[in-house]
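Asks: Sequence and predicted structure, then a few things I'm wondering about:
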Amino acid sequence: MSTAPLRTATAAPSHIVIEPSILYFGTPVVLLSTENEDGSFNLAPISSAWALGHTVVLGLGREGQTARNLRSRPDVVINLPAPDQWQAVERLAPLTGRSPVPSTKAKGCRFEPDKFGAAGLREEPSDVVRPPRVAECPVQLEAHAERVRPDVAGGFVIVEAVVRKVHADPRIVVPGTDHVDPAAWSPLVYNFRHYFGLGPELGHSYRTETPHRRQVD
Ligand SMILES: Cc1cc2nc3c(=O)[nH]c(=O)nc-3n(C[C@H](O)[C@H](O)[C@H](O)COP(=O)(O)O)c2cc1C
């Protein structure tokens, strides 16, 4: 076995150790519509969302209205905004559907019972769940929260939502197929609390099933 040191004293370090307050390394924003106790609807942006097949895993603050709703009323629509909708998303950022506002909410957070109106977004009825879709979002996933459980640290809940119906704006679908066209669709990415769209395509997976409209050099 080698006894050589991992790094010599004179070598420049390749990385520095930092202590960031957040680890939001760039994930798509989704808008969750859920049903409140009184039958009205709540809308909240989150970026802790990712898909495993047709299950979408969501990470939610334990004391928010969305987590509260999903514990009792599991229907949810996972709406995916496009990059040019970032300002509507940001209008929702300081709002909660929970009253009184929990002390754990960020400073400046206030109660808003009409989140659709506050964001300037339109409700569109869903087909198989009770909360409405966000009409302006190019992708809308009607889903059912099958499992809602605490995370390991206790401040969040982890939701596993099974998608039952997918709606897509025809402009982002390859005509005559069920494929979302990756050249036409971009998520809105939350990157260390700043909003981005996607840059140009770099290449594709060997598993892609989407026909190529043009060859990428
Ligand atoms: C772009 C963006 C991403 C966010 N991501 C999350 C997230 O992943 N999980 C979460 O619980 N809150 C997230 N938030 C904060 C919630 O939107 C915020 O706590 C809101 O008050 C929740 O609303 P509710 O209490 O009505 O559910 C995010 C906010 C923004 C603007």
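Replies: Cool, got the structure.

Asks: Let me see the contact set for the residue nearest the centre of the chain.
Replies: Compute the mean C-alpha point of the chain, and by C-alpha atoms, centre = their mean the closest residue is Val30, 3.1 Å away. Val30 sits next to Pro45, Ile46, Ser47, Ala49, Leu58, Ile78, Asn79, Leu80, Pro81 when contact means C-beta atoms under 8 Å, 6 or more residues apart in numbering. In short, each C-beta sits where N, CA and C put it, glycine included.

Asks: By neighbour count, which of the residues you listed wins?
Replies: Asn79 (28 neighbours; other C-beta atoms under 10 Å).

Asks: now it, what's its secondary structure?
Replies: When classified by DSSP: H, G, I helix; E, B strand; the rest coil, Asn79 comes out as strand.

Asks: So which residues on the protein come close to the ligand?
Replies: Those residues of the chain that sit near the ligand, judged by C-beta under 6 Å from any ligand atom, are 29, 42, 44-48, 59-61, 64-66, 89, 93, 95-98, 109, 190.

Asks: neighbours of Pro211, just the number please.
Replies: Neighbours of Pro211 (other C-beta under 10 Å): 11.

Asks: and it, that one's in a helix?
Replies: No. According to three-state DSSP, Pro211 belongs to no helix; its state is coil.

Asks: mind checking how far it is from the ligand?
Replies: Distance, Pro211 to the ligand, by C-beta to the nearest ligand atom, to the nearest Å: 32 Å.

Asks: ok, now Ala11?
Replies: Distance check for Ala11 against the ligand: by C-beta to the nearest ligand atom, it reads 39 Å.

Asks: In terms of helix, strand or coil, where does that residue fall?
Replies: Taking three-state DSSP, the label given to Ala11 is coil.

Asks: give me the beta-bridge partners of the residue nearest to the centre of the chain?
Replies: Under the criterion DSSP bridges, Val30 forms beta bridges with Ile46.

Asks: just checking, Ala161 touches Ala143?
Replies: Yes. Using C-beta atoms under 8 Å, Ala161 is in contact with Ala143, at 4.1 Å.

Asks: Give the residues shared as contacts by those two.
Replies: By C-beta under 8 Å, 6+ apart, the residues touching both Ala161 and Ala143 are Val56, Val76, Ile78.
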